[in-house]
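A.B. asks: give me coordinates for this.
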Amino acid sequence: MSSIPMRLKAKRSPLLSKPQQPIDDSAWSGIALPTQRKFVRRMRAARRAFLTAVWTFLCICVQSGLVLFKGPARQMFAQIYWGVVCRLIGLNVRVIGAVAQTTEDGRPVVFVSNHSSWLDIPVLGSILPASFIAKEEVATWPVIRTLARLGRTVYVRRKRSSTVAERDDMGSRLSAGDSLILFPEGTTSDGSRVLPFRSAFLSIAELPVTKGGLPPIVQPVSVVYDRLAGLPTGRSSRPLFAWYGDMDIGSHFWRLAQHKGLRASVLLHQQLDPLKFASRKELSAACFNMVADGAATLRQNRPARPISLGGEAETAHEPAFV
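C.D. replies: Okay, here's the model as predicted:
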């Protein structure tokens with residue numbers, strides 16, 4: 001009998017203790033790496049950074065000439081550039097679904113995607129024949145601004161006074177047949193959820209961009225980074241990919257490039273016709289629901305299929321790797 005109270009008073013220690021300090025970039029598994037492994041990882045990151053820099057310099061020279069001419073060559077070369085960048089940094093890209101194309105009556109596509117990292121640029125840039133819409137701050141970043149200019153990026157400001165001019169600029173690009181990639185969250189997140197969409201960003205989907213006055217087609221897109229070291233990512237490892245807040249892009253690249261077995265999954269949903277929606281807010285809500293549901297499926301590592309307007313999953317296209 002005397003042993004019972006002692007067992008009741010025994011303190012139970014947790015099986016997994018939560019670290020009091022943030023896990024450092026060399027030990028995402030919570031286990032410190034040997035010095036030799038740290039050296040190997042740093043050499044891997046240095047090699048990837050060097051090859052990416054060389055490839056970027058060569059492509060800047062080529063693209064500088066291509067942007068002077070009209071035609072699909074400049075867009076095709078941009079996709080090739082981003083595809084090789086993904087390969088060089090060790091990021092595999094899985095594509096589920098079909099990329100929406102400009103319709104027979106000349107309606108271009110506005111791709112609407114969630115946004116959690118600068119990695120979204122090379123990932124989406126490698127598979128979507130479109131230019132990005134970016135905040136004006138990007139035009140001040142070294143190297144990035146050059147790539148953005150060669151990629152014919154459209155800049156938007158946060159001032160209301162410039163809204164009309166920006167809509168006209170985007171409208172002229174769409175009228176010329178260019179498709180655009182839009183991040184309606186307005187900022188990046190930690191990758192654990194999709195932030196609410198700002199319906200004002202979807203105003204470009206109301207612009208008459210064809211001779212008959214029709215608006216562009218909209219395709220929602222879900223992007224999730226779901227593999228690290230070849231294993232499914234979770235809450236502890238997903239922040240490695242995310243780039244938000246005051247993070248520096250250089251240090252983020254260095255930390256990420258040390259790892260192997262990286263993968264991004266891109267889920268391309270059913271395209272939407274803005275003419276079938278009563279308002280811009282309804283269109284924004286439909287896009288958000290499809291993107292958020294698709295991203296949740298990918299984060300949970302469940303079989304993913306493109307989502308249709310009614311919320312049902314369409315017949316899955318065989319996943320492709322680029």
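A.B. asks: ok, and the closest non-adjacent residue to the residue nearest the centre of the chain?
C.D. replies: Centroid check for the chain by C-alpha atoms, centre = their mean gives Asp120 as the closest residue, at 2.6 Å. Excluding its sequence neighbours, the residue lying closest to Asp120 (C-beta to C-beta, 6 or more residues apart in numbering) is Val223, at 5.7 Å. Placement of C-beta: from N, CA and C, glycine included.
A.B. asks: okay, and the one you found sits in which element?
C.D. replies: strand 217-228 (DSSP states H and E).
A.B. asks: re earlier: count the neighbours of the residue nearest to Asp120 for me.
C.D. replies: Per other C-beta atoms under 10 Å, the neighbour tally for Val223 reads 26.
A.B. asks: what pLDDT does the model give it?
C.D. replies: Note on Val223: pLDDT of 97.
A.B. asks: picking up where we left off before, distance of the residue nearest to the centre of the chain from Thr188?
C.D. replies: Remark: distance between Asp120 and Thr188 (C-beta to C-beta, to the nearest Å) = 8 Å.
A.B. asks: likewise for Arg198?
C.D. replies: Distance from Arg198 to Thr188, counting by C-beta to C-beta: 14 Å.
A.B. asks: all helices of the stretch 151-300 of the chain, in order?
C.D. replies: Per DSSP state H, counting those that start in this stretch, the stretch 151-300 of the chain carries helices over the ranges 163-175, 249-256, 280-299.
A.B. asks: nearest to Gln271 among those would be which one?
C.D. replies: Nearest to Gln271 among the helices of the stretch 151-300 of the chain is helix 280-299 (10.6 Å), distances taken as C-beta to C-beta.
A.B. asks: quick one: that closest one to chain centroid distance?
C.D. replies: For helix 280-299, the gap between its own C-alpha mean and the chain's C-alpha mean amounts to 14 Å (C-alpha atoms, centre = their mean, to the nearest Å).
A.B. asks: how far off helix 249-256 does the strand holding Val223 point, in degrees?
C.D. replies: Counting by axes from the mean of the first three to the mean of the last three C-alpha atoms, to 10 degrees, strand 217-228 points 50 degrees away from the direction of helix 249-256.
A.B. asks: picking that back up, I figured the residue nearest to the centre of the chain hits Phe183, correct?
C.D. replies: Yes: with contacts counted by C-beta atoms under 8 Å, Asp120 reaches Phe183, the gap being 7.5 Å.
A.B. asks: mutual contacts of those two, please.
C.D. replies: The contact sets of Asp120 and Phe183 overlap at Ser113 (C-beta atoms under 8 Å, 6 or more residues apart in numbering).
A.B. asks: count of residues packed around His259?
C.D. replies: Residue neighbour count, defined by other C-beta under 10 Å, stands at 20 for His259.
A.B. asks: show me what contacts the residue nearest to the centre of the chain?
C.D. replies: Ser113, Phe183, Val223.
A.B. asks: pLDDT score for the first one?
C.D. replies: pLDDT, the model's per-residue confidence, is 96 for Ser113.
A.B. asks: which of Arg198 and Thr188 has more neighbours?
C.D. replies: Under the criterion of other C-beta under 10 Å, the comparison of Arg198 against Thr188 puts Thr188 first, with 19 against 15.
A.B. asks: which ones are touching that one?
C.D. replies: Contacts for Thr188 (C-beta under 8 Å, 6+ apart) come out as His115, Ser116, Ser117, Trp118, Ala242, Trp243, Tyr244.
A.B. asks: okay, those in CSV with neighbour count and distance to Lys135 next?
C.D. replies: As requested, the contacts of Thr188 are exported to CSV (neighbours: other C-beta atoms under 10 Å; distance: C-beta to C-beta, whole Å):
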residue, neighbour count, distance to Lys135
His115, 23, 11
Ser116, 28, 15
Ser117, 24, 15
Trp118, 21, 13
Ala242, 19, 18
Trp243, 21, 14
Tyr244, 16, 13
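A.B. asks: possible to save those as CSV with distance to Ala134?
C.D. replies: Output for those, formatted as CSV (distance: C-beta to C-beta, whole Å):
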residue, distance to Ala134
His115, 10
Ser116, 15
Ser117, 14
Trp118, 11
Ala242, 18
Trp243, 14
Tyr244, 15
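A.B. asks: among the residues you listed, which one has the lowest pLDDT?
C.D. replies: For the contacts of Thr188, the model is least confident at Tyr244; its pLDDT is 77.
A.B. asks: could you check the pLDDT of the residue nearest to that residue when sequence neighbours are not counted?
C.D. replies: Of all residues not flanking Tyr244 in the chain, Thr188 sits nearest, at 4.3 Å (C-beta to C-beta, 6+ apart). Per-residue pLDDT puts Thr188 at 80.
A.B. asks: thanks a lot, see you next time.
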